[in-house]
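Asker: predicted model, plus sequence, below.
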Amino acid sequence: MAKSRTQYICQECGRTAPKALGRCPQCGAWSSMVEEIVAPPRQRKHSPGLLSTSTPKRLSEIAGDPEERIPLGIEEFARVLGGGIVPGSVVLIGGDPGIGKSTLLLQMALAMSERERVLYVSGEESERQIKTRAHRLAQSETLSQELFVLAETDLQLITQHNEQVAPSALVIDSIQTMHFSELESSAGSITQVRECAAQLQRLAKSSGIAVFLVGHVTKDGAIAGPRVMEHIVDTVLYLEGDPYHAYRILRSVKNRFGPTTEVGVFEMQQHGLVEVPNPSEAFLAERVINAPGSAVAVTMEGTRPLLVEIQGLTSKTSFGHPRRTTNGIDIQRLLLTVAVLSRRVGIRLDDQDVFINVVGGMHISEPAADLATAIAIASSLSDKPVPADVALIGEVGLTGELRAVAQIPARLHEAAKLGFKRVVIPKQVRGEPPAPAGLEIIAARSVREVSALLLA
């Protein structure tokens, strides 16, 4: 008779080893190798296919409306998903502890239950705790009769209850608390998370139920568990934000049914997450006019243009090596911008500490904010403010030139809508795009040219 054996699995990357290791040889994580029992192959049941009755079909014969989506009731959430929930899809939502993942999904469940039946499964809270939170979020004593709540961690029992309720959407909070009884490893382990995610994917594809999974994140901000879990699901969303700021950003990093890199903006208030329909206006609400070191960048998050304030501060260094500190942009982009200003524009920064902050807790990854970052630093060093009616668009190259970015017309319309009178953009070979009414386009070739124009 075959016996069970033990192996050690890295809880960060999924690497297996026959013996315990202090450090994972694949991802370099310390103390991440956990012992798990592996059942002999003959004890394992045959793994079913995605659909137990699958047969080849002509594409033209497949029934169903390709545009069919289930309404969410939360417009910002629907925007990130591509317009609504696709039946049979699996959505994974990650984020730091306390950022609002459970709050957002319970609000979604409450909104959906006005039209559809929803089953909310929690492995972390009791049914009474969920009801208390639902009353606070709904601000009402009467709750929908179509929202069902279940406090359970056994995945097989959850599947049975799901068949009885027959909901349109199933929420699992969280996938790390679920346990598949045929596996001997503990809940939250690599093996359990992977198998539970695969089982829920089969359930979604075979029944047409939309499944939402809450995923814990590691200290590095990635969703805990193997990367294969992100490949299993259809959509991966991250709820981001600074705990000390009210704004939360729901960002799509994978979406088989809609645009990736799309964002939805929410504000955390006493009664839960509230949609921010005009995030650009919210991010600029506390802007101090004519303050040195402040510049407005026009960025794109998916298909949405956003105006954000970038603040720069330079200060005489007290150490041998000047500091470079960022909040909201990549440190490597700041180092590149500082080098270009020093070498190509003639702004001496080798004896200056440089600090950059993106107001509102936003994190900007696209290079179109390079020009605003550079001008904010130059403005702080010269102690001359950037004109309040100017917005900046452009990527900065290593020779100090401004390089074109995508979707310029959408950026210009957003700037005009918020009352800006002038926008600086890179000079384009094919000519400048038409300017919206009341907006002047300033086409420039280099950072030096923009600095001389705005900070003269």
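Answerer: Yep, it's here.
Asker: contacts for the helix or strand hosting residue 353, please.
Answerer: In the assignment (DSSP states H and E), residue 353 maps to strand 352-358. Residues outside strand 352-358 that contact it (CB atoms under 8 Å, 6 or more residues apart in numbering) are 308-317, 322-329, 334, 338, 364, 373, 376-377, 381. C-betas here are computed from N, CA, C, even on glycine.
Asker: at 6 Å what do you get?
Answerer: With CB atoms under 6 Å, 6 or more residues apart in numbering as the contact definition, strand 352-358 has outside contacts at 308, 310-315, 317, 322-329, 334, 338, 364.
Asker: now swap in stretch 78-94 and tell me
Answerer: For stretch 78-94, contacts defined as CB under 6 Å, 6+ apart pick out 69-72, 101, 201, 204-205, 208, 210-215, 217, 223, 233-238, 250, 252, 257-258, 262, 264.
Asker: narrow these to those in helices?
Answerer: Of those, the ones assigned to helices by DSSP state H are 101, 201, 204, 205.
Asker: now the residues you listed in a markdown table, with distance to residue 140 and neighbour count?
Answerer: Supplementary listing: the ones in helices among the contacts of stretch 78-94 in a markdown table, determined by distance: CB to CB, whole Å; neighbours: other CB atoms under 10 Å:
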| residue | distance to residue 140 | neighbour count |
| --- | --- | --- |
| 101 | 23 | 25 |
| 201 | 35 | 20 |
| 204 | 30 | 23 |
| 205 | 35 | 18 |
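Asker: going by distance to residue 25, which of the residues you listed wins?
Answerer: Here the nearest of the ones in helices among the contacts of stretch 78-94 to residue 25, counting by CB to CB, is residue 201; it sits at 29.9 Å.
Asker: roughly how far is the lowest-mean-pLDDT helix or strand in the chain from the heart of the chain?
Answerer: Ranked by mean pLDDT, DSSP states H and E, the weakest helix or strand in the chain is strand 33-38, scoring a mean of 77. Averaging C-alpha positions (CA atoms, centre = their mean, to the nearest Å) puts strand 33-38 31 Å from its chain's average.
Asker: how about stretch 281-291?
Answerer: Chain-centre distance of stretch 281-291: 24 Å, with CA atoms, centre = their mean.
Asker: alpha carbons of that stretch, as CSV, please.
Answerer: Taking C-alpha atoms only, stretch 281-291 is exported to CSV below (Å, rounded to 0.1, in the frame of the first residue of the first chain):
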residue,chain,number,x,y,z
GLU,A,281,-11.9,67.5,-9.4
ALA,A,282,-11.6,65.7,-6.0
PHE,A,283,-7.8,65.3,-6.4
LEU,A,284,-7.4,69.0,-7.1
ALA,A,285,-9.9,70.3,-4.5
GLU,A,286,-7.2,71.2,-1.9
ARG,A,287,-4.7,72.5,-4.3
VAL,A,288,-2.9,75.8,-3.2
ILE,A,289,-2.9,78.2,-6.2
ASN,A,290,0.5,79.7,-7.2
ALA,A,291,2.5,77.7,-4.7
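Asker: mean confidence for it?
Answerer: Averaging pLDDT along stretch 281-291 yields 89.
Asker: returning to what we had before: so how far is the strand holding residue 353 off the chain centroid?
Answerer: The answer for strand 352-358 is 25 Å, by CA atoms, centre = their mean.
Asker: again with stretch 365-381
Answerer: Computed by CA atoms, centre = their mean, the chain-centroid distance of stretch 365-381 equals 23 Å.
Asker: tell me the buried residues in it?
Answerer: Residues of stretch 365-381 classed as buried under the neighbour-count rule (16 or more other CB atoms under 10 Å) are 366-381.
Asker: which residues of this structure fall in helices?
Answerer: 75-81, 101-112, 127-138, 155-165, 190-207, 228-232, 279-283, 331-340, 370-382, 408-417, 447-454.
Asker: confidence-wise, which of those is weakest overall?
Answerer: Among these, helix 228-232 scores lowest, with a mean of 81.
Asker: contact partners for the residue nearest to residue 93 when sequence neighbours are not counted?
Answerer: Of all residues not flanking residue 93 in the chain, residue 237 sits nearest, at 4.7 Å (CB to CB, 6 or more residues apart in numbering). For residue 237, the contacting residues are 93, 250, 252, by CB under 6 Å, 6+ apart.
Asker: can you list contacts of stretch 401-416?
Answerer: Contacts of stretch 401-416 (CB under 6 Å, 6+ apart): 298, 300, 305, 368, 391, 393-395, 397, 423, 426, 428, 433, 436, 439, 444, 446.
Asker: and those, which of them are buried?
Answerer: Among these, those that count as buried by neighbour count (16+ other CB under 10 Å) are 298, 300, 305, 368, 391, 393-395, 397, 423, 426, 439, 444, 446.
Asker: among those residues, which are in strands?
Answerer: 298, 300, 305, 391, 395, 423, 426, 444 (DSSP state E).
Asker: which residue comes closest to residue 97 once chain neighbours are left out?
Answerer: Closest residue to residue 97 apart from its sequence neighbours, by CB to CB, 6+ apart: residue 216 at 7.5 Å.
Asker: surely the one you found meets residue 175?
Answerer: No: using CB atoms under 6 Å, residue 216 is not in contact with residue 175; the gap is 8.2 Å.
Asker: neighbour count for these two, which is higher?
Answerer: Between residue 216 and residue 175, residue 175 has the larger neighbour count (other CB atoms under 10 Å), namely 29 against 18.
Asker: what residue is smack in the middle of this protein?
Answerer: Centrality entry for the chain: nearest residue to the mean C-alpha point is residue 251, 2.7 Å, by CA atoms, centre = their mean.
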